[in-house]
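Trainee: task: produce atomic coordinates for the following.
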Amino acid sequence: MLYRLLLCMVLGGLVSVSSMAATKASEDPKTLEQTVFELERSVAILQLSTASLGDYQSLSTKISHVKSLEYRVNFLGNLTFLLCMALVVFFFKLRNQQKRLLVLENREDEKAIEQQSKDS
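Mentor: Model prediction:
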């Protein structure tokens, strides 16, 4: 009988502990994210503090490589923008030229019709 009572108490304690853990885990994910961020930051600081000179040099070369890639991407982005603007200007001027050509053709057609009516 005492064993059963002790077993019930142990099982009840386990259930209550697991329910408390479940409520604590679901309480505030924001604080959990903050804690994970702080732990990752601490690990990064620890890794940097134990880094050697070669590690710093390789990190420096990687950073300079990334910066050069950034400059290339910026240049290509600017170049693409300028090409698109040039195309817009080109199509605008082409449209104006087509309008002028259409007006000239209409004038020539009117002159030809007037010439034919005078000849008849």
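Trainee: Gln98 - how many residues pack around it?
Mentor: 10 (other Cβ atoms under 10 Å). The way it works is simple: take the backbone N, C-alpha and C, and place the C-beta from them, glycine included.
Trainee: pLDDT of the helix or strand encompassing it, averaged?
Mentor: Assessed by DSSP states H and E, Gln98 sits inside helix 53-119. Mean pLDDT, computed over helix 53-119, is 91.
Trainee: His66 and Val73, how far apart?
Mentor: Actually, residue 66 is Val rather than His. Separation of Val66 from Val73 (Cβ to Cβ, to the nearest Å): 10 Å.
Trainee: and if you look at Phe81?
Mentor: 13 Å.
Trainee: ditto for Val103
Mentor: Here the distance between Val103 and Val73 works out to 46 Å (Cβ to Cβ).
Trainee: can you check Leu104 too?
Mentor: Using Cβ to Cβ, we find Leu104 at a distance of 47 Å from Val73.
Trainee: just give me the neighbour total for Tyr52.
Mentor: Rather than Tyr, residue 52 is Ser. Neighbours of Ser52 using other Cβ under 10 Å come to 8.
Trainee: repeat for Leu32
Mentor: 13.
Trainee: and it, backbone torsions?
Mentor: phi -70, psi -40 (degrees, to the nearest 10).
Trainee: give me the distance between it and Leu39.
Mentor: Using Cβ to Cβ, we find Leu32 at a distance of 11 Å from Leu39.
Trainee: Val15 now?
Mentor: To Leu39, Val15 is 30 Å away according to Cβ to Cβ.
Trainee: let's see the pLDDT reported for Ala22.
Mentor: 53.
Trainee: then Cys8?
Mentor: pLDDT, read off for Cys8, is 66.
Trainee: also Val17?
Mentor: 65.
Trainee: Thr31 sits in which helix or strand?
Mentor: helix 29-49.
Trainee: now the angle from that helix to helix 53-119?
Mentor: Using axes from the mean of the first three to the mean of the last three Cα atoms, to 10 degrees, the inter-axis angle of helix 29-49 relative to helix 53-119 is 120 degrees.
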